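Trainee: Whatever this is, show me its structure:
(one chain, ligands or ions: 1)
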Amino acid sequence: MAFNDIRMDSQWLPFTPNRSFAKDPRIFVAADGMHFTTHDGRQVIDGISSLWCVGAGHNRKPINEAIKKQLDTLDYGTAFSASNDKAFRAADMIAGMAPGDLNKVLFCNSGSEAADTSMKVALAYHRARGEGHRNIFIGRERGYHGVGFGGMSVGGIPANRKVYGTSLLPRVDHLRFIHDPVNHAYIHNQEPVWSEDPLLELENRILPLHDASNIAAVIVEPVAGSAGWYIPPQGYLKRLREICDKHGILLIFDEVITGFGRMGTNFASDYYGVVPDMLNFAKCVTNGVIPLGGVICRQHIYDTMMGAHSNAPEHAVEFFHGYTYSGHPVACAAAIATLDLFQEENLFARAGQMGKVLGDAMHSALKGLPNVVSIRSLGCAAVVELSPIAGLPGKRAFDVFMHCFHRGVLVRNAGENLVFAPPYIVEKSHIDTMVNVLADAISAQ
Ligand SMILES: Cc1ncc(COP(=O)(O)O)c(C=O)c1O
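Mentor: Numbers count the residues shown, from 1 in each chain. Sure thing, here's the model as predicted:
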């Protein structure tokens, strides 16, 4: 399709500078493996797994075939008071991959819905235990949990919050940001060691301020993804687990980005050896081809919710929550095929290996270039952070993103950061191209 055939009048693009896009549009018309084809016939390397989703690379036949077969068998069926075979199978597989007794999957369709679902479970769970007063949530500065009002409220990216004022949930506080720009500017496959304990603030200020007995849950991304791949200090998540346990607070890991192989393991929970009470997932579970998300809950949460209804009649619904498309059979068929493919091709281990290659390349090619202030790599993702242009936050990174796109590489600009999170099938030759193009773009600013 020629660009002149594409009408630009109707679509309002999400998280996109629409006015600038209209002048220089970036339109994909096909994808295969590591590459897109654009409307003007160019090849572009997908350096970001299309927003961290396409772990197995594009146009994977087993996934496509599973979807086609499912469409011809059971296209859709109501999710309420009935379900479908693929939803049960997908839930089994996902629960089987999750650590500890995280084994009850509540499906939804996106990471935003997963955030709000997990927050609602937390409130309902505490109420079921007779602690309905626990209704405060703790998120973290620069955290991202999607765009619903719950997720936005616990999220900590200022631009996402600033126009919503008192519509944000009132009973929310935030942990401090986990990056030390001076001592840990350059991090390659290691956990930064902090001389101070960033969680002392939680124990000494936040918990006493609200009284720990009022706090429902702490929600964090194990590695802060959307803000720009900020890596937690050594021991941070373990200590967070201990503090939550001590005070009866639920711990929610938002693994929408870190889940399904990005860290070289099933989940970041496995990487860090910490089991949360709920684990949110969405990206990568269907290789990006169809929306699917969910919350994996520990057994005690499910048991408590059911137990609270032990005296209620059996026709009574125990949790008034769900989406029309929860556990959609086509999405679940895609998930089953995706998870099988990940396993058959041992792609999570490959993600870990290729992540090291990516990190090596980023650190050696970019350190010392003009305006580079930080490089962070862990798992199959790496980020370079640039100093901002005075008065024009985000402009330098945006210009680098555009420069790279025009030279055939899709990188993600997030604030002052440029992020690579390639599909796990990435080869060294792709990495070399990605990093060289990025280096040229940074030098050209
Ligand atoms: C950690 C995390 N949570 C939630 C979301 C929101 O997911 P969605 O865009 O599917 O609603 C994202 C998206 O990037 C994310 O990274």
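Trainee: Just give the number of residues close to the residue in the chain that the ligand sits nearest to.
Mentor: Residue of the chain nearest the ligand, by Cβ to the nearest ligand atom: residue 111 (2.3 Å). Where you see a C-beta, it was placed from the backbone N, CA and C, and this is true even at glycine. Counted with other Cβ atoms under 10 Å, residues neighbouring residue 111 total 29.
Trainee: residue contacts, it?
Mentor: Contact analysis of residue 111 by Cβ atoms under 8 Å, 6 or more residues apart in numbering lists 145, 146, 151, 254, 256, 280, 282, 283, 293.
Trainee: give the contact list for the last one.
Mentor: What it means is residue 293. Counted by Cβ under 8 Å, 6+ apart, residue 293 has contacts 107, 108, 109, 110, 111, 113, 114, 256, 280, 281, 282, 285.
Trainee: And residue 109, by the same measure?
Mentor: By Cβ under 8 Å, 6+ apart, residue 109 lies in contact with 291, 292, 293, 323, 325, 326, 328, 331.
Trainee: of the residues you listed, buried ones?
Mentor: 291, 292, 293, 323, 325, 326, 328, 331 (16 or more other Cβ atoms under 10 Å).
Trainee: quick one: which of the residues you listed sit in helices?
Mentor: residue 331 (DSSP state H).
Trainee: Just the ones of the buried ones among the contacts of residue 109 in strands?
Mentor: residue 293 (DSSP state E).
Trainee: Reformat the buried ones among the contacts of residue 109 as CSV; add pLDDT and distance to the ligand.
Mentor: Output for those, formatted as CSV (pLDDT from 0 to 100; distance: Cβ to the nearest ligand atom, whole Å):
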residue, pLDDT, distance to the ligand
291, 98, 7
292, 98, 10
293, 98, 6
323, 98, 12
325, 98, 13
326, 98, 14
328, 98, 15
331, 98, 13
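Trainee: Now flag whichever of the buried ones among the contacts of residue 109 is closest to residue 159.
Mentor: The closest of the buried ones among the contacts of residue 109 to residue 159 turns out to be residue 293 (Cβ to Cβ; 23.1 Å).
Trainee: Can you tell me the closest non-neighbouring residue to that closest one?
Mentor: Distance criterion Cβ to Cβ, 6 or more residues apart in numbering; nearest residue to residue 293, sequence neighbours excluded, is residue 282 at 3.4 Å.
Trainee: got the CA coordinates for the longest helix along the chain in CSV?
Mentor: Determined from DSSP H, the single longest helix within the chain is helix 347-366. Taking Å, rounded to 0.1, in the frame of the first residue of the first chain, the C-alpha atoms of helix 347-366 are listed here in CSV:
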residue,chain,number,x,y,z
LEU,A,347,14.3,-18.8,24.2
PHE,A,348,14.5,-17.5,27.8
ALA,A,349,18.0,-18.9,28.2
ARG,A,350,18.8,-17.3,24.8
ALA,A,351,17.4,-14.0,26.1
GLY,A,352,19.8,-14.1,29.0
GLN,A,353,22.8,-14.9,26.7
MET,A,354,22.0,-12.3,24.0
GLY,A,355,21.3,-9.7,26.7
LYS,A,356,24.9,-10.0,27.8
VAL,A,357,26.0,-9.5,24.1
LEU,A,358,23.7,-6.4,23.9
GLY,A,359,25.0,-5.0,27.2
ASP,A,360,28.7,-5.5,26.2
ALA,A,361,28.0,-3.7,22.9
MET,A,362,26.2,-0.8,24.5
HIS,A,363,28.8,-0.2,27.1
SER,A,364,31.8,-0.4,24.8
ALA,A,365,30.2,1.6,21.9
LEU,A,366,28.4,4.4,23.9
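Trainee: buried set for stretch 341-348?
Mentor: Across stretch 341-348, burial judged by 16+ other Cβ under 10 Å covers 341, 342, 345, 347, 348.
Trainee: nope, stretch 54-72 is what I meant
Mentor: So for stretch 54-72, counting by 16+ other Cβ under 10 Å, buried means 54, 55, 56, 57, 58, 60, 62, 63, 66, 67, 70.
Trainee: Cheers, nothing more for now.
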